[in-house]
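Undergrad: Quick one: sequence plus predicted model below, questions after.
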Amino acid sequence: MANSLPPVRWREQLLQWTAPPPEDADSAPSSADGWRQHADRFRAVNQVMRGREEPFIRFLSPWLSPDISVIDVGAGGGRFTAPLAERARAVVAVEPSAGMREVLAEAVAGRSNVRIVPRPWPNALADVQPADLVVSANVAYDVPDLAPFIQALDQAARHFAALFLTLTHPVGAMAPLWRQFRGWTVPSGPTYLDAAAVAFHLGLPVNVTLVPVQPTLVFPDWDAALALYRHRLGLRPDAQRDVELQAALAPMMAEEAERLVVRPRERHAAVIWWEKG
């Protein structure tokens with residue numbers, strides 16, 4: 001792998017992220033749309049971030065104005081789509097998951113300048129017109145074939161394109177839990193530097209800027225937190241093990257306004273960006 005080209009190295013590392021199957025088959029997603037089960041969590045993120053200025057949006061501010069167009073690739077629940085729509089003339093939100101599109105539609109309800117395209121990227125490139133800005137946030141670690149994904153971002157962008165992602169794979173935040181409760185050691189890569197290397201390999205004039213991370217995962221109580229982490233780890237409900245799981249989660253949690261807030265594992269996220277022309 002050491003001598004692989006960046007797109008191959010990215011794919012090889014990403015395909016190592018195969019977690020053990022759930023202990024109980026009933027814990028597996030019942031729908032082909034694996035993101036639907038996360039809809040409520042994304043709604044909660046939108047609630048938490050409402051009224052706050054996202055560091056990623058603050059970074060994009062010099063390129064945003066009321067007369068520009070934006071494509072938000074992998075828009076998810078609309079965490080970034082909604083604030084982009086407040087600052088741009090038009091936003092196309094590309095989101096293949098029906099479950100996420102429901103949350104996205106709620107987030108941008110009443111905004112006539114947002115169009116939702118229900119297709120994966122880069123297939124959706126055929127359904128969109130080029131835009132001034134093209135962004136994709138928190139998607140790259142779900143894309144084994146990153147080179148054509150980035151090439152399509154560049155093709156759709158008239159002036160500016162950006163990838164926003166955590167410094168390391170987001171599942172890595174649970175590495176100690178996976179090791180303790182399932183005996184799985186998570187891989188060490190890829191990282192944002194590997195993503196930047198793919199863009200550089202494609203000949204793009206790539207820049208990397210680190211921006212602060214804000215906590216977004218919030219729970220009303222420990223029961224809700226344990227339920228989510230049991231699901232993520234594929235654990236059966238077990239009273240004694242829940243005690244151990246809560247003890248393992250406690251250092252990650254902070255009590256804030258009668259809620260449990262998960263402290264970010266990393267202090268920064270990365271924006272991989274380039275300007276056209």
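TA: Thanks, I have it.

Undergrad: SS state for Trp178?
TA: Three-state call for Trp178 (DSSP: H, G, I helix; E, B strand; the rest coil): helix.

Undergrad: wait, doesn't it sit right on Trp184?
TA: Yes. Trp178 is within contact range of Trp184, at 4.5 Å (criterion: Cβ atoms under 8 Å). Placement of C-beta: from N, CA and C, glycine included.

Undergrad: and those two? which has more neighbours close in?
TA: Under the neighbour definition other Cβ atoms under 10 Å, Trp178 and Trp184 were set side by side, and Trp178 has more, 19 against 16.

Undergrad: Tell me the predicted confidence for the more buried one.
TA: Confidence at Trp178, expressed as pLDDT, is 96.

Undergrad: and what of the one 3 residues further on?
TA: On the pLDDT scale, Phe181 is placed at 97.

Undergrad: which secondary element of this protein has the worst mean pLDDT?
TA: Lowest on mean pLDDT, DSSP states H and E among the helices and strands of the chain sits helix 39-49, with a mean of 58.

Undergrad: list the helices and strands the next helix or strand after it packs on?
TA: Per DSSP states H and E, the first helix or strand lying C-terminal to helix 39-49 is helix 55-60. Counting contacts by 3 or more Cβ pairs under 8 Å, 6 or more residues apart in numbering; DSSP states H and E, helix 55-60 is packed against helix 81-87, strand 131-137, strand 207-212, strand 268-275.

Undergrad: If we use 7 Å, what do you get?
TA: strand 207-212 (3 or more Cβ pairs under 7 Å, 6 or more residues apart in numbering; DSSP states H and E).

Undergrad: Which strands or helices does the helix or strand following the strand it packs on pack on?
TA: Remark: after strand 207-212, the chain's next helix or strand is strand 218-219, criterion DSSP H and E. On a contact count with 3+ Cβ pairs under 7 Å, 6+ apart, strand 218-219 meets strand 259-262.
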